[in-house]
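Enquirer: After the sequence you'll find the predicted model.
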Amino acid sequence: MRHDKPEPSHHPHLPHIGGDHPILHQPPAEALATPGMPAISERLYNQDLAPTRRAGRRWGAYNIFTLWANDVHSLGNYVFAVGLFALGLGAWQIMLSFLLGAVLLFLLLSLSGFMGEKLGVPFPVLSRVAFGIHGAQIAAIARGGVAIVWFGIQTYLASVVLRVLLIAVAPGLASWDRNSFLGLSTLGWIAFVVLWVLQVIVVSYGMEMIRKYEAFAGPVILLTMLALAVWLVVESGGSIAFSTADSLSGGEMWWNIVVGGALWIAIYGTFVLNFCDFTRNATSRTAIIRGNFFGIPLNMLFFGAIVVTLAGAQYRINGEVIESPADIVRTIPNTLLLVLACLALLVLTVAVNLMANFVAPIYMLTNLLPRVLDFRRAGLVSAVIGLVILPWNLYNSPAVIVYFLGGLGAILGPLFGVIMADYWILRRTKVNVPDLFTEDPGGDYHYRGGFNMLAVAALVPAAVIAILFAVLPVFSEVSGVSWFIGAALGALFYLPLGSRRTTGLRDVSGEPIAVASVH
């Protein structure tokens, strides 16, 4: 559980976080200097941004596995995966596409996760290595901005499932679902606000409560999806269709298999960036590898089998291709089973939202205002923004989804390319963690005024190209691999520029300024 008054650091010169003052009080930066160590800046450091101590970390392989057990089975992923079936890919082509995406994701997420495990810092702080102590705001805002909008949208999609549940239990509530205020019915508002409050409560207890919720939700959704698949097979008479009447073949089939695998990376393009938000609490690299292995390749193949079963059985029943499991849930004739299935989908959607769309903006906001915002307050601010943007109206606007979210999301590929090239290739994992929290001009990540303009110079052209590939109709054939294009260009543009700063690199542990990982 998160403590209102975190235990003070053992380091005598660290800023005191918390105390009796309502603001996150810290003494002047000049009072924090120690011999051989630059002053820790109150504008860069607080309890939530500080590196986590190795002792006491609690995220083991099971916790990392349950992240993926929830996220892979999100309703949005089912819509995407069933779309491959509707497109004309058969059972084995879909499974091959998933396996290709899973292998690539496993490698990328392991590389990203190792960074968090070693440094113990969240994504906005990790970004300071490549972009500078202030330039890191560019990366943090790009990641957090996309997540806030999707937090609102996913909460709205979950509220649709809750409305189905409420009407099934109390049919008289259907009349509350026929009016409209700001684009949402009375019942819609009730369902949205209930789920909004639930998520705020969970987040208010910090990362430890999120860990516990994900651990609970993982088995629930796996068993539910398996039960749903078995029920639909029984309904279809024990026979499923392994492809549609319009099956693809030849080069078109193979291209769509590759694009399907690449789109998995695009879907998780946000998460491969800020996976360190979770692995900063990981017990070891081994835990990350095991959790990722069971959660990505194996779990995605299980997911693929469920998708093929659901889509194939429904197609055998009436010749129609479902859009998501929610469509099947609505057809369950037994009210009790329908309610249980809806509850499971709600548990799932909340779990996905917490990990994918709530944590990133919290750290973004905390990084912007570390003297004012902690994890709990930043969570509330993020949630309020996700409400006032009226996300259901955004979701119903194709222009917003394609041009704003699609374009902004395309930036994340180049960001990943720059950060990975900087950390793994140029620095060879050498990072001076204490210097990530100092504004001393002699600090390793001060660069010029806190900005590494070489990283920005590599990011901008790569991002422009990635956005063009993602949103312009003329590039529709390759838009599915735009994330890869952007990541590769970001790395290629940065390597010759960043190589100028590879002399005198220091690898300094953050343990002297670290805090407990449960806070």
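Expert: Happy to help now that I have it.

Enquirer: Next, count neighbours for residue 290.
Expert: When neighbours are defined as other C-beta atoms under 10 Å, residue 290 has 16 of them. Heads up, the C-betas are built off the backbone N, CA and C, glycines and all.

Enquirer: How about residue 340?
Expert: Residue 340 has 16 neighbours, counted by other C-beta under 10 Å.

Enquirer: Check which residues of whatever helix or strand residue 188 lives in are buried.
Expert: In this assignment (DSSP states H and E), residue 188 forms part of helix 186-204. Neighbour counts over helix 186-204 (16 or more other C-beta atoms under 10 Å) mark 187-192, 195-196, 199-200, 202-203 as buried.

Enquirer: now do stretch 497-507
Expert: Along stretch 497-507, these residues count as buried under the neighbour rule (16+ other C-beta under 10 Å): 497-498, 501.

Enquirer: out of the buried residues of helix 186-204, who's nearest residue 41?
Expert: Checking the buried residues of helix 186-204 against residue 41 with C-beta to C-beta, the nearest one is residue 203 at 26.5 Å.

Enquirer: picking up where we left off before, and the buried residues of stretch 497-507, which is closest to residue 222?
Expert: Nearest to residue 222 among the buried residues of stretch 497-507, with distances taken as C-beta to C-beta, is residue 498, at 42.2 Å.

Enquirer: I'd assumed residue 424 was in contact with that closest one.
Expert: No - with contact defined as C-beta atoms under 8 Å, residue 498 and residue 424 do not form a contacting pair (11.7 Å).

Enquirer: where does the stretch 1-150 of the chain dip in pLDDT?
Expert: Residue ranges of the stretch 1-150 of the chain with pLDDT under 70: 1-37.

Enquirer: One more pass at 80, please.
Expert: Per-residue confidence for the stretch 1-150 of the chain (pLDDT under 80) gives these ranges: 1-38, 74-76, 78-88, 90.

Enquirer: Show the contacting residues for the residue nearest the centre of the chain.
Expert: Central residue of the chain (C-alpha atoms, centre = their mean): residue 356, 2.9 Å from the mean position. Counting by C-beta atoms under 8 Å, 6 or more residues apart in numbering, residue 356 touches 71, 74, 147, 150, 154, 270-271.

Enquirer: Now the nearest residue to residue 507 once chain neighbours are set aside: phi and psi?
Expert: The spatially closest residue to residue 507, leaving aside those adjacent along the chain, is residue 430, at 4.0 Å (C-beta to C-beta, 6 or more residues apart in numbering). When read as degrees, to the nearest 10, the backbone of residue 430 gives phi -80, psi 120.

Enquirer: per-residue confidence for residue 430?
Expert: Looking at residue 430, its pLDDT is 96.

Enquirer: which residues sit in contact with residue 348?
Expert: 70, 73-75, 217, 220-221, 224.

Enquirer: Sort out for me which of these are in helices.
Expert: Judged by DSSP state H, the subset of these located in helices is 70, 75, 217, 220-221, 224.

Enquirer: and those residues, which two are the farthest apart?
Expert: Those two in the ones in helices among the contacts of residue 348 that are separated most widely, counting by C-beta to C-beta, are 75 and 220, at 14.7 Å.

Enquirer: The two: which has the busier surroundings?
Expert: Legend: neighbour count by other C-beta under 10 Å for residue 75 and residue 220, higher for residue 75 (20 against 16).

Enquirer: Can you give me the distance of that one to residue 329?
Expert: Taking C-beta to C-beta, to the nearest Å as the measure, residue 75 falls 10 Å from residue 329.

Enquirer: Quickly list what's touching both of the two.
Expert: residue 345.

Enquirer: that older thread, make a markdown table from the contacts of residue 348 and add distance to residue 140 to it.
Expert: Below are these laid out as a markdown table (distance: C-beta to C-beta, whole Å):
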| residue | distance to residue 140 |
| --- | --- |
| 70 | 24 |
| 73 | 28 |
| 74 | 24 |
| 75 | 27 |
| 217 | 27 |
| 220 | 32 |
| 221 | 30 |
| 224 | 35 |
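
Enquirer: Most neighbours among those, which one?
Expert: In terms of neighbour count, residue 70 stands highest of those at 30 neighbours, by other C-beta under 10 Å.

Enquirer: Name the helix or strand for residue 141, please.
Expert: helix 136-169.

Enquirer: List the buried residues of that helix.
Expert: 136-168.

Enquirer: Heading C-terminal from the helix or strand containing residue 336, find the next helix or strand.
Expert: Secondary structure from DSSP H and E places residue 336 in helix 335-353. Sequence-wise, the next helix or strand downstream of helix 335-353 (DSSP H and E) is helix 359-368.

Enquirer: Can you dump the C-alpha atoms of that following helix in PDB for me?
Expert: What follows is helix 359-368 as a C-alpha-only set of coordinates in PDB (Å, rounded to 0.1, in the frame of the first residue of the first chain):
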ATOM      1  CA  VAL A 359       0.700   5.000 -15.500                       C
ATOM      2  CA  ALA A 360       2.400   6.800 -18.400                       C
ATOM      3  CA  PRO A 361       0.500  10.100 -18.000                       C
ATOM      4  CA  ILE A 362       1.000  10.000 -14.200                       C
ATOM      5  CA  TYR A 363       4.800   9.900 -14.600                       C
ATOM      6  CA  MET A 364       4.500  12.500 -17.400                       C
ATOM      7  CA  LEU A 365       2.700  15.000 -15.100                       C
ATOM      8  CA  THR A 366       4.900  14.200 -12.100                       C
ATOM      9  CA  ASN A 367       8.000  14.900 -14.300                       C
ATOM     10  CA  LEU A 368       6.500  18.200 -15.300                       C
END
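
Enquirer: contact partners of that helix?
Expert: Contact with helix 359-368 is made by 46, 48-49, 122-125, 136-137, 140-141, 143-145, 147-148, 151, 203, 207, 210, 270, 274, 277-278, 373-375, 378-379, 381-382, 385, as judged by C-beta under 8 Å, 6+ apart.

Enquirer: Any regions of the stretch 251-400 of the chain where pLDDT drops low?
Expert: 251, 263, 266-267, 269-270, 314-315, 317-335, 337, 396-400.

Enquirer: give me that answer again for 90
Expert: Scanning the stretch 251-400 of the chain for pLDDT under 90 picks out 251-273, 303-358, 393-400.

Enquirer: now the helices for it?
Expert: Secondary structure of the stretch 251-400 of the chain (DSSP state H, counting those that start in this stretch): helices at 271-274, 276-279, 285-293, 299-318, 325-330, 335-353, 359-368, 375-388, 391-395, 398-399.

Enquirer: Provide the contact partners of the longest one at residue level.
Expert: Outside helix 299-318, the residues that touch it by C-beta under 8 Å, 6+ apart are 65, 68-69, 72-73, 77-78, 81-82, 85-86, 91, 94-95, 98-99, 101-102, 105, 222, 225-226, 228-229, 232-233, 235-237, 239-242, 244, 264, 320-322, 325, 328.
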